[in-house]
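> What would the 3D arrangement of this be:
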Amino acid sequence: MSYYAHAALAHRAATGRELNFVIPTGNLGNAMAAILARAQGVPIGRIVLATNANRVLPEYFAGDEYAPRASVATLTNAMDVGAPSNFERLRWLYAGDDAALRAAFTAVSVDDDTIRGTIRQRWERHGEVFCPHTATAVRVLETLRAEGVDGDWAVAATAHPAKFESVVEPLVGHAVAVPPALAELLARPAQATPVPPEYAALQAHLLG
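Sure, this is the predicted structure:
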C-alpha cells in the first residue's frame, strides 16, 4: 500500500491530478494493496487489472459468474492463478454486490505471444526491458491508449527482468544486467533443511 500511496501522492503534488494504475495480477494481492490505499483516501483514480491466460478475473468482470478453476501455465508464472484467494476480500469490500464490483474494475487478459511481442517491441522502439509480468501490464496500457483512454497512468513493475532472463534475454538479444543487491544475494550459498510435511516437525524445527 505504501508504494501506491507514495506514487499517487507525489503525482498529485506535482500535477494536481489523480494517478491511475495498471497492475499485473494473479492472486490479486498487489491490486488489493492499491484498492485498499484508495479506500483509505489516497488519490488513486482507475485501477485496471492485467492478467495472463488465466481468465477467471477477466471473465468475471465481463459479466460471467465467478468460476475458479485449475491454473494454466504461462510465461508469467507468478500470475498463474485460477482461484485468486484475495477475490473474497475484494468482494467483501463491495458487500457482495457483484454489479458494483464489476462497474468499479476492468480486467484484461494477455496471451504469451503478445507478452513476448511487447517485450521485444518495447526494447526495439524505446530501449526498455520489462519482465514478463510488467510487460503484460504495459500491453494493457497500450490497449487502453489505443482505445482513447486518457489521464495519467502508471504501470506497476512487479519484478526485475533479470529474474526472468531465460524469457527476456532471447527477446531483447542481450544479457540483462543483474542489480547489485540481487547479484549479492545470488552469490550466497544456498541452504535448505528438509522438514517432513507435518505440523509437529515444523514446530520442532522452528523452536530448535
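> drop to CA atoms for contacts and neighbour counts, all remaining ones
Will do.
> Listing partners with orientation, what would you give for the helix or strand containing residue 23?
Element membership for residue 23 (DSSP states H and E) is strand 19-24. Strand 19-24 pairs in its sheet with strand 44-51 (parallel), strand 152-155 (parallel), by DSSP bridges.
> how about these in a markdown table, adding mean pLDDT, mean neighbour count and distance to residue 172?
Below are those laid out as a markdown table (pLDDT from 0 to 100; neighbours: other CA atoms under 10 Å; distance: least, CA to CA, whole Å):
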| stretch | mean pLDDT | mean neighbour count | distance to residue 172 |
| --- | --- | --- | --- |
| strand 44-51 | 98 | 23 | 22 |
| strand 152-155 | 98 | 17 | 20 |
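> Please render those as CSV that adds distance to residue 82 to the earlier fields.
Formatted as CSV, the strands paired with strand 19-24 follow (distance: least, CA to CA, whole Å):
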stretch, distance to residue 82
strand 44-51, 11
strand 152-155, 23
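> mind checking pLDDT for residue 174?
Residue 174 carries a pLDDT value of 95.
> still on that earlier bit, looking at the strands paired with strand 19-24, which is closest to residue 88?
strand 44-51 (15.9 Å; CA to CA).
> what comes into contact with the closest one?
Outside strand 44-51, the residues that touch it by CA atoms under 8 Å, 6 or more residues apart in numbering are 8, 18-26, 31, 34-35, 37-38, 57-58, 79, 105-110, 136-137, 140.
> How about stretch 178-185?
Stretch 178-185 has contacts (CA under 8 Å, 6+ apart) with residue 162.
> Keeping just the C-alphas, turn it into CSV.
Below are the C-alpha coordinates for stretch 178-185, written out as CSV (Å, rounded to 0.1, in the frame of the first residue of the first chain):
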residue,chain,number,x,y,z
VAL,A,178,21.6,-8.1,-12.6
PRO,A,179,21.2,-5.3,-9.9
PRO,A,180,24.0,-5.3,-7.3
ALA,A,181,21.7,-6.3,-4.5
LEU,A,182,20.3,-9.3,-6.4
ALA,A,183,23.8,-10.2,-7.5
GLU,A,184,25.0,-10.3,-3.9
LEU,A,185,22.1,-12.5,-2.9
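> Distance of the residue nearest in space to the middle of the chain relative to residue 202?
In the chain, the residue lying closest to the centroid (CA atoms, centre = their mean) is residue 24, at 2.3 Å. As judged by CA to CA, to the nearest Å, residue 24 and residue 202 stand 33 Å apart.
> What is the subsequent helix or strand relative to the helix or strand of the chain with the lowest mean pLDDT?
Across the helices and strands of the chain, mean pLDDT, DSSP states H and E gives its lowest value to helix 180-187, namely a mean of 88. Later in the chain than helix 180-187, the nearest helix or strand by DSSP H and E is helix 199-207.
> ok so, going back, for the residue nearest to the centre of the chain, give the beta-bridge partners.
Per DSSP bridges, the residues bridged to residue 24 are residue 50.
> Go ahead and confirm it touches residue 156.
Yes. Counting by CA atoms under 8 Å, residue 24 touches residue 156, with 6.9 Å between them.
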